[in-house]
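Enquirer: The sequence isn't on hand, but the structure is:
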DNA sequence: CTGAAAGCGCTTACAG
DNA sequence: CTGAAAGCGCTTACAG
């Protein structure tokens, strides 16, 4: 019964997707099976040196706990953000949760705070719970994470990748360039010529695309790009406030500001308020994202809608396919953005069109804000 | 080697926390072990009648998959919301994630949308992934959920329970009564006498407590409670807008409104805007929650801070204790709320103090909004 | 601190 | 559609 002739030659190397077993590790470490088990379970009664050796091997091979009797899916996917403090993250979470829940799969949510130690910790967790796959959101400084995950053979999809992914990892994004362009075309159409821009972190692909959209719109209208009107933010309220204040108090201020996120746009609202300027009469503001709060901020914010929940849903759908061993037909999905015109944008104070819009002279006044949403598809 | 004398009598009933095994189910269903396994794994090659019988037994016993070799924790807790569309939910999630991540445990996030079918689905998932415990947020209409979870012996803690929990389940909340009271005392102190109130759903404990706090404050100041000034909302922007509009356009409008959530307070902002009223000059507004966006809404919102992240963290800490078999020393934790005074509250237009505050006459003007936060602890 | 042994809960060919 | 058998990956007393 033991030593059965059916016992097959143990393969020396893991033969595919994270198939190392605790027996493999034990053999390589020159210890017994129970010892590896003890290390894995954080038992205290293991010699420090042994523990160290086993832990190294475990990490090196990207060991993942496997259910008994082989096979069996964990019915779990991991969703990793850098931070959880933005409403932006929830929108994506909503989309992921919906798809995954319907498939009877759980979504484990983590925040790694751009922190290597935290990523390491997450990696350990992901392995111990034997997650079926992972969705990385804004894979910021995580090339080592990508590498590690693919080494243990874990299906992966990335939302809003920091750069162009090197490997064949599926990525989901939005048409950021087109979105940025449509925002600025809208402002140009209203008569603005001095349009400020507050960008996102320059190392993110989406930030650069939005900025290029801004440039493209200006150039197509024959307006020269003035670098003094471009500031580098980080998507947060705070940076929108600080940089908005800079723009409004330095040199010749713009008549409109395009912010690369809704949160920064609301920071610009506050900057305007403190400068005694009224939105939109004295300053037009356009955001990016269309978070739920955008339509409830007085005045309701004109912004570029990014279908975050749909992006999450698409990512989840792709990942579920990958988990089932199917390869998705496209590796790069870009969902389209659309301009949503609300009350924060109007003609500039000294409009060339001679509208003579001064305080309160704005057509439409402050009424009917809620009914005014007019989404316009762009590209 | 088989039939070892060590084999112990199989206990007829599960002996504690969800200890039914697939062998138990097989015996009871009168089928073999592999058959139960097949049902569990959703294989198609099982007779409908057999499947039905096994499934019923599985549900009846609250079967939970156990890892091989016995024992072994899943290192997973479930966090269940009704909806994920409020920034409110993220704040709690942040607190939970932080504590749980540090402990090397994953947080599975779900939304059940007040839907029995969705809860059922979640229950199946929770069992299949063998979650170590669950945090229920606003256990709205879920007595059957509580019951089922405790039957399968799953550790449980409830945040912001709908009612007073019947059993010995630990609950986490905030000092809602004291918070409501402090908001209204603040408004009374500014000279307001006609103070409107927009409540949350009346079947929630926290809503009732805030309303009672409102009443208590008025009564202690000798101001009669006027039911015409009280409206029943549901915490959403929309209800704040609709009910705010009602309050401002019906009968003799209030000079201040206390809304039971920040989102409703911002809805009131919009209502005021559309009525041509300025906040705070013509109308003071106080919210509840202190969501991040509260300080970025022009004007920055005076509100009652509820430590949502801390509540999440406390719940997670308690749950982790329960999972380890320790019983928490207290079953009911109430974290304290505090009033955060910002720019949305000031003396009423016809203040009894003779401040003569009319448009623009407000001391402090519109400047220095960001630096003005002055948290005040209440009870 | 470690390993030989027994065992657990589950699953997948295989045969009918 | 179902069960007897073999096996998998892991763990926990037990003994040293």
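Expert: Everything's here; your move. No experiment lies behind these values; they were computed from the predicted model shown. Residues are numbered from 1 along each chain as shown, chains lettered A, B, ... in the order given.

Enquirer: how is chain A carved up into domains?
Expert: Split into domains by automatic domain parsing, chain A comes to A:1-63, A:76-174+A:309-335, A:176-305+A:338-377.

Enquirer: Let me have these in TSV, extended by mean pLDDT and mean neighbour count.
Expert: The way it works is simple: take the backbone N, C-alpha and C, and place the C-beta from them, glycine included. Formatted as TSV, those follow (pLDDT from 0 to 100; neighbours: other Cβ atoms under 10 Å in any protein chain shown):
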stretch	mean pLDDT	mean neighbour count
domain A:1-63	71	14
domain A:76-174+A:309-335	86	20
domain A:176-305+A:338-377	87	21
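
Enquirer: which one of these lies closest to chain B?
Expert: Checking the domains of chain A against chain B by Cβ to the nearest Cβ gives domain A:76-174+A:309-335 as the closest, at 4.0 Å.

Enquirer: can you tell which of the domains of chain A is closest to residue B:137?
Expert: domain A:76-174+A:309-335 (13.9 Å; Cβ to Cβ).

Enquirer: can you tell if the closest one touches DNA strand C?
Expert: No - Domain A:76-174+A:309-335 does not reach DNA strand C (Cβ under 7 Å from any atom of the strand); its nearest approach is 13.2 Å.

Enquirer: Could you confirm residue A:135 falls within a helix?
Expert: No - per DSSP: H, G, I helix; E, B strand; the rest coil, residue A:135 lies outside any helix segment and is strand.

Enquirer: Let me see the contact set for it.
Expert: Residues near residue A:135 by Cβ atoms under 8 Å, 6 or more residues apart in numbering or on different chains: A:77-80, A:96, A:156-159, A:312, A:315-316, A:319.

Enquirer: Run through the bridge partners of it.
Expert: residue A:79, residue A:157 (DSSP bridges).

Enquirer: I'd like to know how far it sits from DNA strand C.
Expert: Plainly put, residue A:135 is 25 Å away from DNA strand C if you go by Cβ to the nearest atom of the strand, to the nearest Å.

Enquirer: same deal with residue A:287?
Expert: Taking Cβ to the nearest atom of the strand, one finds residue A:287 at 49 Å from DNA strand C.

Enquirer: got the contact list for the closest residue to residue A:221 other than its chain neighbours?
Expert: Spatially, and ignoring its direct neighbours in sequence, residue A:221 is nearest to residue A:188 (4.8 Å; Cβ to Cβ, 6 or more residues apart in numbering or on different chains). Residues near residue A:188 by Cβ under 8 Å, 6+ apart: A:195, A:217-218, A:221, A:223.

Enquirer: From these, pick the one nearest DNA strand D.
Expert: residue A:217 (55.6 Å; Cβ to the nearest atom of the strand).

Enquirer: packing partners for the one helix or strand residue A:318 maps to?
Expert: Element membership for residue A:318 (DSSP states H and E) is helix A:308-323. Applying 3 or more Cβ pairs under 8 Å, 6 or more residues apart in numbering or on different chains; DSSP states H and E, one finds that helix A:308-323 contacts strand A:76-81, helix A:87-102, strand A:133-137, strand A:156-159, strand A:171-174, strand A:332-335.

Enquirer: quick one, which of those is nearest to residue A:262?
Expert: So among these, helix A:87-102 is nearest, using Cβ to Cβ, at 8.3 Å.

Enquirer: tell me the angle of the helix holding residue A:318 relative to helix A:87-102?
Expert: 40 degrees (axes from the mean of the first three to the mean of the last three Cα atoms, to 10 degrees).

Enquirer: Need the contact partners of helix A:308-323.
Expert: Helix A:308-323 has contacts (Cβ under 8 Å, 6+ apart) with A:73, A:77, A:88, A:91-100, A:103, A:105, A:107, A:132-135, A:155-157, A:159-160, A:170, A:172-174, A:289, A:327-328, A:333, A:335.

Enquirer: same thing with stretch A:174-186?
Expert: Applying Cβ under 8 Å, 6+ apart, the contact partners of stretch A:174-186 are A:160, A:195, A:205-206, A:209-214, A:216-218, A:220-221, A:258, A:260, A:286, A:288, A:302-304, A:306-307, A:311, A:334-339, A:341, A:345, A:376, A:378-379.

Enquirer: could you redo the last one with a cut-off of 7 Å?
Expert: Around stretch A:174-186, the neighbours that count as contacts under Cβ atoms under 7 Å, 6 or more residues apart in numbering or on different chains are A:195, A:206, A:209-214, A:216-218, A:258, A:286, A:288, A:304, A:306-307, A:311, A:334-337, A:339, A:341, A:345, A:378-379.

Enquirer: Quick one: the strands in chain A, in order.
Expert: A:76-81, A:106-111, A:133-137, A:156-159, A:171-174, A:195-199, A:230-232, A:256-259, A:284-289, A:302-305, A:332-335, A:338-341, A:374-377 (DSSP state E).

Enquirer: Could you dump the ones you listed into JSON lines and include distance to DNA strand D?
Expert: JSON lines is the format used below for the strands of chain A (distance: least, Cβ to the nearest atom of the strand, whole Å):
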{"stretch": "strand A:76-81", "distance to DNA strand D": "16"}
{"stretch": "strand A:106-111", "distance to DNA strand D": "19"}
{"stretch": "strand A:133-137", "distance to DNA strand D": "18"}
{"stretch": "strand A:156-159", "distance to DNA strand D": "21"}
{"stretch": "strand A:171-174", "distance to DNA strand D": "31"}
{"stretch": "strand A:195-199", "distance to DNA strand D": "47"}
{"stretch": "strand A:230-232", "distance to DNA strand D": "47"}
{"stretch": "strand A:256-259", "distance to DNA strand D": "49"}
{"stretch": "strand A:284-289", "distance to DNA strand D": "43"}
{"stretch": "strand A:302-305", "distance to DNA strand D": "46"}
{"stretch": "strand A:332-335", "distance to DNA strand D": "35"}
{"stretch": "strand A:338-341", "distance to DNA strand D": "48"}
{"stretch": "strand A:374-377", "distance to DNA strand D": "49"}
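
Enquirer: Make CSV out of the ones you listed and add distance to residue B:127.
Expert: As requested, the strands of chain A are exported to CSV (distance: least, Cβ to Cβ, whole Å):
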stretch, distance to residue B:127
strand A:76-81, 13
strand A:106-111, 11
strand A:133-137, 21
strand A:156-159, 27
strand A:171-174, 31
strand A:195-199, 47
strand A:230-232, 49
strand A:256-259, 46
strand A:284-289, 37
strand A:302-305, 39
strand A:332-335, 33
strand A:338-341, 42
strand A:374-377, 42
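
Enquirer: Ok, which of the ones you listed comes nearest residue B:294?
Expert: Using Cβ to Cβ, the nearest of those to residue B:294 is strand A:284-289, at 18.3 Å.

Enquirer: so what strands line up beside that closest one?
Expert: Counting by DSSP bridges, strand A:284-289 is paired with strand A:256-259 (parallel), strand A:302-305 (parallel).

Enquirer: Distance-wise, check the residue of the stretch 101-250 of chain A found nearest DNA strand C relative to residue A:76.
Expert: Closest approach between the stretch 101-250 of chain A and DNA strand C, counting by Cβ to the nearest atom of the strand: residue A:130, at 13.2 Å. The gap separating residue A:130 from residue A:76 is 8 Å, by Cβ to Cβ, to the nearest Å.
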